[in-house]
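Q: Take this sequence and fold it.
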Amino acid sequence: MKLHYIGIIKNESKPAHELVAEKELSAYSRFTRNNYGEFMTLFSKTVAERTKPGQRQDVEEQDYTFHAYGRTEGVCGIIISDHSYPALVAHQLLSKVVDEFLTAHPRTEWANSTPTLEFPELKDYLTKYQDPQQADSIMKIQKELDETKIVLHKTIESVLQRGEKIDDLVAKSDGLSAQSKMFYTQAKKQNSCCVLM
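A: From the prediction side, this is the model:
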């Protein structure tokens, strides 16, 4: 999972203009970094021009996913990641970045011109969100749930491996009513005719 680009694009008129951006280009050779950076800017502008105000979209291109969030203020937030990066985290980050950008740089600063603005927080976000599980509480909870599910699955498997059978457990159980026990027996008989080889 990797983030390659976070940027705010002015997209209310064509051509779109990159107001602020931060790129992670360390994976590319020194000789090709500038080219990759230019392509990221070009494709981000293209996606921003085609993102309507209030729209969120994900556009896949080769090894990359462009996450876009258009705003009614005339800007669009863009994140470029690899395909394995969770879209939920990318869009959560986009909302945060665009809100903070518009607070720091109101529309009056950039609406009638195309300045390049300073927004140093982007570099921090690009670093912090490289690992979405550290940055997003929802991802942390999901990971904990997945680990719990795996532990429970292993526990059930270990009970069955000790020689206990579900049939014996059902027969011995005081917690099941006679009707539930009869239902289990009938269901087992019904399913026994359909054994696949």
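Q: Lowest average confidence across helices and strands of the protein, where is it?
A: For the chain, using mean pLDDT, DSSP states H and E, the weakest element among its helices and strands is helix 137-161, scoring a mean of 57.
Q: so what's His4 closest to, chain neighbours aside?
A: Excluding the flanking residues, the one nearest His4 by CB to CB, 6 or more residues apart in numbering is Ile80, at 4.5 Å. Yep, even glycine has a C-beta here, placed from its N, CA and C like the rest.
Q: isn't the one you found right up against Glu61?
A: No - checked against CB atoms under 8 Å, the pair Ile80 and Glu61 is beyond contact range at 9.1 Å.
Q: Mind splitting this structure into its structural domains?
A: As recorded under automatic domain parsing, the domains making up the chain are 3-130, 140-192.
Q: mind putting these in TSV, mean neighbour count included?
A: Putting those into TSV (neighbours: other CB atoms under 10 Å) gives the following:
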stretch	mean neighbour count
domain 3-130	17
domain 140-192	10
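Q: Least reliable of these by average pLDDT, please.
A: Mean pLDDT values for these show the minimum at domain 140-192, a mean of 61.
Q: Check the secondary structure at Thr65 for me.
A: Of the three states, Thr65 takes strand under DSSP: H, G, I helix; E, B strand; the rest coil.
Q: Is it bridged to anything, and to what?
A: Per DSSP bridges, the residues bridged to Thr65 are Glu60, Ser81.
Q: Right, I'll leave it there.
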